[in-house]
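Visitor: Fold the following and give me the result.
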Amino acid sequence: MSDELQMDNSSQDIIQNENLRAKDTVPPNITVILPAYNEELSIGSVVLRTKTYAHRVIVVDDASSDHTVDVAEMAGAEVIRNPITKRNELSLKKGIEVASDSDIIVMMNLGVCHDPSLIPRMIAPINDGNCELSVGICFSKLQRSSENVLLLNNRSTESKPIGYLAFSKNCLSKIDISQISLFSMRSLISNAERSSVKVLHIDIQEEHEASLFRAYKIGVVVPAYNEERLIQETIDGIPAYVDKIYVINDGSKDRTAEIINSTTDPRVVPIHHKVNKGVGAAIIDGYKRALADEMDLVAVMAGDNQMDPYQLPKLIMPIIEGKADYTKGNRLLSKEMRQGMSPW
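Guide: I've put the predicted structure just below:
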């Protein structure tokens, strides 16, 4: 393995930009701990980016069989290595002990999130005195299918995973780390209550998803027939992380075509059918154009604005995770999600 890390221009630009943002946000003596298992492809860039927000980075390696340790050390991280896999929890606690002189210790769960730019959000409440322990929760890369169903049904669930933990020095002086199951919400809360530690829960799902989706070219196909009242609202609601919006006017007889052609959203790709071919043909034509544009992921959102754009990540995530090649959402599954729909 080479003893030099090679970075392309885009990676250097990201790190330089994060350095500028971090200058005013990093207080003295912050340590970030990164648990890792076979992360050789990403650990180097994660360590380099994390160093812009911290003075010290410790990688806890769970007996990786690849070059995770070598890459992490070349990137400038200290490495604590497990000789036996699945003992990650013990090594994480060892990492906390090693970093006990830090003002703030941040733990970033690479099984959930790879984005160090969220670190300032986790440490800000501690710096402001609003809490002693901050817990960042988000939609997981590791959830089981039953948990995904709960989220698609818009119900609260304790399985929502922890992506970040940030401990103040005062917090660590109050709680007994050996008695806590890290990344278990129930364990953290019960121990914090017993120790009178102020805890703040931070929902980082939206930021996490936006960061993750930047790595993919995402297209949305919007079939529309006589949707002059709703097509613009549908386009306006499509999230910023979507790269292309393929709007298919399926032979509409109203002003749908005019509205599509006049939209100022640069992501919109208008496709017009001279005659109505049906929604299936419209979707297929949208898919074909998306494939020609080499989109990585393609979703369908009808032009009647009935799909809540907030639910789109919950359809995309199982595909990114490799759990499915195709996903489908049913808005009729829960009463909450049916709100606002036409009475028919």
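Visitor: Burial check on the residue lying closest to residue 184 once chain neighbours are set aside, number of neighbours?
Guide: Spatially, and ignoring its direct neighbours in sequence, residue 184 is nearest to residue 162 (7.9 Å; CB to CB, 6 or more residues apart in numbering). C-beta: built from backbone N, CA, C; applies to glycine. Residue 162: 21 surrounding residues under other CB atoms under 10 Å.
Visitor: Which strand residues bridge residue 219?
Guide: residue 244, residue 298 (DSSP bridges).
Visitor: before we move on, what about residue 134?
Guide: Going by DSSP bridges, residue 134 forms beta bridges with residue 166, residue 200.
Visitor: mind listing what it touches?
Guide: 122-123, 125-126, 164-166, 199-202 (CB atoms under 8 Å, 6 or more residues apart in numbering).
Visitor: Give me the buried entries from those.
Guide: Neighbour counting over the contacts of residue 134 (16 or more other CB atoms under 10 Å) leaves 122-123, 125-126, 164-166, 200, 202 as the buried ones.
Visitor: and the nearest residue to residue 115 once chain neighbours are set aside, what helix or strand is that in?
Guide: Distance criterion CB to CB, 6+ apart; nearest residue to residue 115, sequence neighbours excluded, is residue 211 at 4.0 Å. For residue 211, the host element (DSSP states H and E) is helix 205-213.
Visitor: Give me the contact list for that helix.
Guide: For helix 205-213, contacts defined as CB under 8 Å, 6+ apart pick out 112-115, 117-118, 121, 137-139, 163, 239-241, 313, 316-317, 320.
Visitor: give me the number of residues near residue 113?
Guide: 26.
Visitor: Could you do the one 4 residues further on as well?
Guide: Applying the criterion other CB under 10 Å, we find 17 residues in the vicinity of residue 117.
Visitor: okay but it is in contact with residue 49, surely?
Guide: Yes - with contact defined as CB atoms under 8 Å, residue 117 reaches residue 49; the gap is 7.3 Å.
Visitor: mind checking pLDDT for the residue nearest to residue 115?
Guide: Model confidence at residue 211, given as pLDDT, is 73.
Visitor: same question, residue 3
Guide: pLDDT for residue 3: 41.
Visitor: For the helix or strand harbouring residue 97, give the mean pLDDT please.
Guide: Using DSSP H and E, residue 97 sits in helix 88-98. Helix 88-98 carries an average pLDDT of 81.
Visitor: try stretch 320-337
Guide: 75.
Visitor: same thing with stretch 272-287?
Guide: pLDDT averaged over stretch 272-287 gives 96.
Visitor: mind checking the end-to-end distance for that stretch?
Guide: 14 Å (CA to CA, to the nearest Å).
Visitor: What of stretch 112-122?
Guide: One end of stretch 112-122 to the other measures 15 Å (CA to CA).
Visitor: go on, stretch 63-74?
Guide: End to end - CA to CA - stretch 63-74 spans 18 Å.
Visitor: I'd like the distance from it to the chain centre, please.
Guide: 24 Å (CA atoms, centre = their mean, to the nearest Å).
Visitor: what comes up buried for it?
Guide: 63-64, 67-74.
Visitor: And for stretch 184-196?
Guide: For stretch 184-196, the neighbour count (16+ other CB under 10 Å) marks 185, 188, 191-192, 195 as buried.
Visitor: what does it rub up against?
Guide: 133, 135, 137, 158, 160, 162, 165, 174-176, 179-182, 197-199.
Visitor: If we use 7 Å, what do you get?
Guide: 133, 135, 158, 162, 174-175, 179-181, 199 (CB atoms under 7 Å, 6 or more residues apart in numbering).
Visitor: Of these, which pair is most distant in space?
Guide: Farthest apart among those by CB to CB are 158 and 174. That separation is 23.8 Å.
Visitor: what about these two, which has more around it?
Guide: residue 174 (16 against 10).
Visitor: domain ranges for this protein?
Guide: 9-210, 216-307 (automatic domain parsing).
Visitor: Out of the ones you listed, the one nearest residue 329 is which?
Guide: domain 9-210 (6.3 Å).
Visitor: With that, I have no additional questions.
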